[in-house]
Structure formats: structure tokens, C-alpha cells
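> Here's my sequence, what's the structure:
(one chain, ligands or ions: 1)
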Amino acid sequence: MISELCIGIIGGTGQLGAAIAHGLLRSGLVSPEKLWISSRSNNRTGFESVESKAAIQFTTCNQDLIDHCGIVIIAVPPGLSAALDINVKPHHGLLISVIAGVTIEQLQHRTGAERVIRAMSNPAAEKGLAYSPWCASREVTAEDREATQALFNAIGQTDEVASEEQIDQFTALIGPVPGFVAYYAASMVDYAVTTGIDPVIAERAIRQLFHASGVMLAASEASPAEHVKAMIEYAGTTAAGLTAMQASPLADAIAEGLDAAYKKSKIMTATDLSAD
Ligand SMILES: NC(=O)c1ccc[n+]([C@@H]2O[C@H](COP(=O)([O-])OP(=O)(O)OC[C@H]3O[C@@H](n4cnc5c(N)ncnc54)[C@H](OP(=O)(O)O)[C@@H]3O)[C@@H](O)[C@H]2O)c1
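Numbers count the residues shown, from 1 in each chain. I've put the predicted structure just below:
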């Protein structure tokens, strides 16, 4: 049972690591007594609001964390991942990495671990709203898979995906939040302002539109494409807008942007890792 395990986060005071820590605490999957966090500096800022903060085990010794935890999440920058100084033996727990661009093979080589999950996530984990796709090394057991699924479900939604290449794709797609969605929202605010609407009002309206749309899309049984189809069939004002957008190169521009993000993430990780 995952709730009986100690969970450790190496880099748990960083942007993503802390978001995952807060998300896990918020969900109740992990209690402060069962949470371990390591960093080089022993900086503990960001955890002031946690009740029973004193119960969290903060350490600067990654190996100590490995020795005490049934699941260890690694959330350090790619370029620092070679200097973790850990030695994972078969009796140790499951290793889950959310490091962009570092492969399962590299993680196994650097840590000695055989049971390794490579995942992607994002700081929306703090609010229980992350999407965290993952894939597993051959040695990962059915119990490890169940624990991984439970852990990522506690901070949002998750899927096991078919390949590490797909994790790279997701790094560009869902790593940054609100990222691409913010661009669409900003374009709508800009348009509203050009029609004479007060910028403050325009921004409030569009924020609320995206909030409501996100909640509705997440809860709806209809797919995004089915929503678009239903709007077009309704033949109202939105249909006119959507038909014009569909006739424009908008979908191609979105694909081009996502492709550029994917390529950049590959280049950035390669540059960061070359510092190893
Ligand atoms: N932030 C995001 O939105 C996001 C999204 C998707 C994926 N990621 C991935 O998540 C990872 C972390 O990114 P981030 O933005 O959270 O980085 P960050 O804010 O710079 O945090 C990195 C953390 O790692 C700690 N650290 C560095 N070396 C360490 C070591 N040897 N032992 C223990 N702790 C160590 C740092 O603390 P000290 O300096 O005190 O050691 C810090 O707490 C990266 O691999 C990134 O690719 C991040």
C-alpha cells in the first residue's frame, strides 16, 4: 500500500519538486511524517504553510533519503542529475524521475536502480491539476505500476504511455502551464481591447472564460472535437467564428508552435546534459 510508504523527493524544494510535495500532502496520500525532501542547500522555504512542517524530514543527504523511502521522486535540473551521488540497490524502493530529457537507461546507469519510472509533470501538481504521463523500465513490477498510478492520480491525472519518445513530446505539450493556453487567452484579451472594452474587464472576462471552459472540458463526456462540431451544428455566432478559424491556417500554426517547443526542449536538454 502506497500510503504506508515513505516518499522522498530529491530536489523537493525546487519549483516542480515542491509543487509535487504540496500536491501529495494536500491529497492526503502522504502525511508530513512520511515525506522526505532533499536539497544541497537545505533550504526549506515554501513549506511554512504546511501544518506539522516539523514532521517533514529535510536532508542534504540523498543516500539517506534513498535508504528510508519506498518511492523516490527525482526532480533536479537535467544538468545536475549526474551529480546525485546515490547508489540504489535491489532492496531499495522505486525511482521516479520527472527530469526532462534524461532517459531510463541514463538514470539506471547513474543511480544503479533497475526499477525506474520516467515521467513528466508540471507545477499544477500543487493544486492537484497536473497531467503526468509515465513509462517504465522492464524491471518495474505490477505493484510499482499501481503505486505510480496512485501517486500521480493524487496530484492530477496520469497515463502510462508507450514510449520514452512520447515523454519527450509531453515535455513540450504539458510541461509549461498555462503556456500555450495563455497565448490563446492573451490573443482574445487583445482582440477585446481593440473593440473598446476596458483592458481590466477584458482580462477578467477571458480569465473566467478559460476557467469555465477548462472545468467544463475536463468534466464533459464529449471530446474537444465533439464540442466544436456541436457548436458548428448549432449554427450560431460561435459557428461563424469557428468556421472562419477552421478555414484559416490556425491549426497549422498551433502544430508549428508545438513542434518548435518539442525541438527546443530536445536542444535545451542536450545542452544542459553536455555539462555532465
Ligand atoms: N519547473 C517546471 O515547470 C518543470 C516542468 C516539467 C519538468 N520539470 C523538470 O523538473 C526538474 C526540476 O525543475 P525545477 O524547475 O523544479 O528546478 P529548480 O526549481 O531549479 O529546482 C531544482 C531543485 O533541485 C535541488 N537540487 C539540485 N541538485 C541537487 C542534488 N544534487 N541533490 C539534491 N537536490 C538538488 C535544488 O536545491 P539546491 O539548489 O538547494 O540543491 C532545487 O530544490 C527538471 O529536471 C525539469 O526538467 C520542471
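> since we're on the residue in the chain positioned nearest to the ligand, how many residues are nearby?
Per C-beta to the nearest ligand atom, Gly14 is where the chain lies closest to the ligand, at 1.9 Å. For glycine as for every other residue, the C-beta is placed from the backbone atoms N, C-alpha and C. Counted with other C-beta atoms under 10 Å, the neighbours of Gly14 add up to 19.
> so how far is Glu105 from it?
Counting by C-beta to C-beta, to the nearest Å, the gap between Gly14 and Glu105 amounts to 24 Å.
> can I assume Asp144 is in contact with Ala113?
No: judged on C-beta atoms under 8 Å, Asp144 makes no contact with Ala113 at a distance of 11.3 Å.
> which residues sit in contact with Pro199?
189, 193 (C-beta atoms under 8 Å, 6 or more residues apart in numbering).
> Model confidence score at it, please.
pLDDT, Pro199: 98.
> how about the residues of the chain near the ligand?
Within the chain, the positions adjacent to the ligand are 10-11, 13-17, 38-41, 43, 62, 75-78, 80, 83-84, 98-100, 122-123, 175 by C-beta under 6 Å from any ligand atom.
> Among these, which are located in strands?
Judged by DSSP state E, the residues of the chain next to the ligand include 10, 38 as members of strands.
> Could you pull out the helices in the protein for me?
For the chain, the helices defined by DSSP state H cover 15-27, 62-68, 104-111, 142-154, 164-174, 179-194, 199-219, 224-234, 237-247, 250-273.
> most tightly surrounded among the ones you listed?
helix 15-27 (a mean of 22; mean count of other C-beta atoms under 10 Å).
> Now do that one: everything it contacts.
So helix 15-27 is contacted by 7, 9-12, 30-32, 35, 37, 46-47, 50, 73, 75-76, 98, 121-128, 130, 151, 154-156 (C-beta under 8 Å, 6+ apart).
> Of those, grab the buried ones for ChimeraX.
Of the contacts of helix 15-27, the buried ones go into a single ChimeraX selection, burial set by 16 or more other C-beta atoms under 10 Å:
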select :7,9,10,11,12,30,32,35,37,46,47,50,73,75,76,98,121,122,123,124,125,126,128,130,151,154,155,156
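> could I have the lowest-mean-pLDDT helix or strand in the chain exported to PDB, CA atoms only?
When each helix and strand of the chain is scored by mean pLDDT, DSSP states H and E, helix 250-273 comes last, with a mean of 86. Output in PDB follows, covering the C-alpha atoms of helix 250-273 (Å, rounded to 0.1, in the frame of the first residue of the first chain):
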ATOM      1  CA  LEU A 250      -4.600  28.400 -37.200                       C
ATOM      2  CA  ALA A 251      -4.400  24.700 -36.700                       C
ATOM      3  CA  ASP A 252      -1.200  24.600 -38.700                       C
ATOM      4  CA  ALA A 253       0.200  27.500 -36.700                       C
ATOM      5  CA  ILE A 254      -0.500  25.600 -33.400                       C
ATOM      6  CA  ALA A 255       1.100  22.500 -34.700                       C
ATOM      7  CA  GLU A 256       4.200  24.500 -35.800                       C
ATOM      8  CA  GLY A 257       4.400  26.100 -32.400                       C
ATOM      9  CA  LEU A 258       4.200  22.700 -30.600                       C
ATOM     10  CA  ASP A 259       6.800  21.300 -33.000                       C
ATOM     11  CA  ALA A 260       9.200  24.200 -32.200                       C
ATOM     12  CA  ALA A 261       8.700  23.700 -28.500                       C
ATOM     13  CA  TYR A 262       9.500  20.000 -28.800                       C
ATOM     14  CA  LYS A 263      12.600  20.700 -30.900                       C
ATOM     15  CA  LYS A 264      13.800  23.400 -28.400                       C
ATOM     16  CA  SER A 265      13.200  21.100 -25.400                       C
ATOM     17  CA  LYS A 266      15.500  18.500 -27.100                       C
ATOM     18  CA  ILE A 267      18.200  21.100 -27.800                       C
ATOM     19  CA  MET A 268      18.000  22.500 -24.300                       C
ATOM     20  CA  THR A 269      18.200  19.200 -22.600                       C
ATOM     21  CA  ALA A 270      21.100  18.100 -24.800                       C
ATOM     22  CA  THR A 271      23.000  21.400 -23.900                       C
ATOM     23  CA  ASP A 272      22.200  21.000 -20.200                       C
ATOM     24  CA  LEU A 273      23.300  17.400 -20.200                       C
END
